[in-house]
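Asker: I would like the atomic coordinates for the input below:
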Amino acid sequence: LAGLAIFPVVFAWGIDPAEGAGLVFHSLPIAFGEMPGGYLFGTLFFLLLVVAAWTSSISLMEPAVAWVVENRGISRAAAALAVGGIIWVLGIGTVLSFNLWSEITFLAGTVFDNVETLADNILLPLGGMLIAIFAGWVMSRASSAEELNMGVGTAYKLWLFFIRFVAPLAVIIAFLHALGVFDRFLGEEEVEVAMMLLAGREA
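Answerer: Coordinates of the predicted model:
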């Protein structure tokens, strides 16, 4: 729903949809300011963005909080405050990357750029591949069939084939593409065609 709401605005005002964080915090406020009723819609958009970030942060914190409660024997409130405090301290660098530390660059760029590159190009593909390997090769067939709410029939066997062989291979290809490995051997057009074909097969 957010994509359906935002991308018409992006294309109507000639904004680059691949702009990343700058799209949300730099380009969209300008676009909302130019629109009729833009102040209202812009305010609603950023309020909903805060809610989305907040709820996502809660779900991301939960495994760490649960681990601290179970292994350190402290209350849930104290564990949540401790984990949240650590995340807040680690996140200061990403906030300062847009102002005071904007001139400090290394590896992929600013602190924010490095965190974004690590999360998007390495941790997400790696996590997806490990989940696919675990679900396809480690979990018992009875457990995975029960989780999927299906019997061990043709549909399950098809799912098992894709989760064991196709999904890890697709993630590896996307991972190598994100690291720019294919760019050394293929031109940009060939890489784009290959990624479009892969996306079509996954769909």
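Asker: ok, now which ones touch Leu32?
Answerer: Just so we're on the same page, residue 32 is Phe rather than Leu. By Cβ atoms under 8 Å, 6 or more residues apart in numbering, the residues touching Phe32 are Val9, Gly38, Tyr39, Phe41, Gly42, Phe45. Glycine gets a C-beta too; all of them are placed from N, C-alpha and C.
Asker: any idea how far Val68 is from it?
Answerer: 40 Å (Cβ to Cβ, to the nearest Å).
Asker: any idea which residue sits dead centre in the chain?
Answerer: Asp120 (5.9 Å; Cα atoms, centre = their mean).
Asker: where along this protein do the helices fall?
Answerer: Assigned by DSSP state H, the chain shows helices spanning 2-12, 21-22, 28-34, 38-72, 76-96, 111-117, 124-133, 141-148, 154-161, 167-178, 188-202.
Asker: and those as CSV, adding mean pLDDT?
Answerer: Formatted as CSV, the helices of the chain follow (pLDDT from 0 to 100):
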stretch, mean pLDDT
helix 2-12, 72
helix 21-22, 62
helix 28-34, 77
helix 38-72, 89
helix 76-96, 91
helix 111-117, 87
helix 124-133, 89
helix 141-148, 88
helix 154-161, 91
helix 167-178, 84
helix 188-202, 57
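Asker: quick one: Met129 and Ala79, what's the gap?
Answerer: 30 Å.
Asker: the two: which is more packed in?
Answerer: Ala79 (21 against 18; other Cβ atoms under 10 Å).
Asker: from what I see, the more buried one and Val68 are in contact.
Answerer: Yes: here Ala79 reaches Val68: they are 4.0 Å apart, a contact under Cβ atoms under 8 Å.
Asker: picking up where we left off before, state the distance from the residue nearest to the centre of the chain to Gly127.
Answerer: 11 Å.
Asker: over to Leu81?
Answerer: 26 Å.
Asker: filter the contacts of Phe32 to the buried ones?
Answerer: Buried subset of the contacts of Phe32 (neighbour count, 16 or more other Cβ atoms under 10 Å): Val9, Gly38, Gly42, Phe45.
Asker: would CSV of those with distance to Ala64 be doable?
Answerer: Output for the buried ones among the contacts of Phe32, formatted as CSV (distance: Cβ to Cβ, whole Å):
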residue, distance to Ala64
Val9, 36
Gly38, 39
Gly42, 33
Phe45, 30
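Asker: looking at those, which is nearest Met150?
Answerer: Phe45 (39.0 Å; Cβ to Cβ).
Asker: separation between the closest one and Asp16?
Answerer: From Phe45 to Asp16 the distance is 18 Å (Cβ to Cβ).
Asker: what sits against the residue nearest to the centre of the chain?
Answerer: If you count contacts by Cβ under 8 Å, 6+ apart, then Asp120 has Ala178 around it.
Asker: residue at max distance from the center of this structure?
Answerer: In the chain, by Cα atoms, centre = their mean, Gly153 is the one farthest from centre (32.7 Å).
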